[in-house]
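Asker: Need coordinates for the below:
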Amino acid sequence: MRVKLMATLALLAATSAPHPALAAPREEAIKGAEAMIRELGGELKNDLTAAMEAGGPAQAIQVCVSVGQEKAVAVAARHPGRIHRVSLKLRNRENRPNELERRLLENMEADNAVGNLQPTYTVPFSEKGDEYLLVMKPIVTAPVCLSCHGTAATLHPDAVAPLAEHYPDDEATGYEVGQVRGAFSVAYPLN
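Answerer: Numbering: from 1, shown residues only. Okay, the predicted model is just below:
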């Protein structure tokens, strides 16, 4: 009898809504992570748009090479979380996902394939005794992305040489409009 009661209580605890004391930090973490994503995404989009207008894909690639990672570091310095971009098809090896990020990227691709892509994906995790919320926002391929990330038919000719020079092991081409190209990933502290 006691074993059944303990099992029932454990099941109820596992399936019930989170305690209100835990929900507040989670919501704060989501808001904080989304602010970081907007900040980094906005800066990168502005820089890439200006570079495309000024010098086409070759200049846009130079922006990615020179400031892409630095901007993520700068955004993280202004917030309590860590942010970077990740992808299953790497261009920059620094964007390699960890195992948890990889699983969420795979979920994004599967959801996108059936028309159910979510605006953000979240999962709590522990690291060195600290609690975090992983918040990931999909990066969906837009028409302008095809200049540097498209198929052989859509890749801009001016992008080919700079990509080969700066990213000799590039895997981040072959995309079509609407595909998940990667994600912004934020590890935001919960405690």
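Asker: Who is Tyr121 paired with across the strands?
Answerer: Under the criterion DSSP bridges, Tyr121 forms beta bridges with Met136.
Asker: How about His84?
Answerer: Ser185.
Asker: who's in contact with it?
Answerer: Contacts were defined as CB atoms under 8 Å, 6 or more residues apart in numbering; by that measure His84 touches Gln69, Ala72, Glu94, Asn95, Phe184, Ser185. For the C-beta atoms, the positions are set from N, CA and C on the backbone; glycine is no exception.
Asker: If we use 7 Å, what do you get?
Answerer: Contacts here follow CB atoms under 7 Å, 6 or more residues apart in numbering; on that basis His84 touches Ala72, Asn95, Ser185.
Asker: separation between it and Pro57?
Answerer: His84 sits at a distance of 23 Å from Pro57 (criterion: CB to CB, to the nearest Å).
Asker: do Ala77 as well
Answerer: Going from Ala77 to Pro57 by CB to CB gives 30 Å.
Asker: out of the two, which sits in the more crowded spot?
Answerer: Neighbour totals were compared for Ala77 and Pro57, and Pro57 leads with 21 against 7 (other CB atoms under 10 Å).
Asker: now that one, what's its secondary structure?
Answerer: Secondary structure state of Pro57, per DSSP: H, G, I helix; E, B strand; the rest coil, is helix.
Asker: Look at it and report its pLDDT.
Answerer: Pro57 is assigned a pLDDT of 92 by the prediction.
Asker: do Ser66 as well
Answerer: The predicted structure scores Ser66 at 85 on the pLDDT scale.
Asker: Work out for me the element it sits within.
Answerer: With elements taken from DSSP states H and E, the one containing Ser66 is helix 20-77.
Asker: Enumerate the positions of stretch 146-164 that are buried.
Answerer: Residues of stretch 146-164 classed as buried by neighbour count (16 or more other CB atoms under 10 Å): Leu146, Ser147, Cys148, His149, Gly150, Thr154, Leu155, His156, Asp158, Ala159, Pro162, Leu163.
Asker: pLDDT weak spots in this protein?
Answerer: Scanning the chain with the threshold set as pLDDT under 70 gives 1-24.
Asker: circling back to that earlier point, and the helix holding Ser66, how far out from the chain's middle?
Answerer: When C-alpha coordinates are averaged (CA atoms, centre = their mean, to the nearest Å), helix 20-77 and its chain have centres 10 Å apart.
Asker: ok, now stretch 120-133?
Answerer: When distances are taken as CA atoms, centre = their mean, stretch 120-133 is centred 15 Å away from the chain's centroid.
Asker: what's it in contact with?
Answerer: Applying CB under 7 Å, 6+ apart, the contact partners of stretch 120-133 are 26, 29-30, 100, 104, 107-108, 134-137, 187-191.
Asker: farthest pair in these?
Answerer: Spatial extent of the contacts of stretch 120-133 (CB to CB) is set by the pair Met108 and Asn191 at 27.0 Å.
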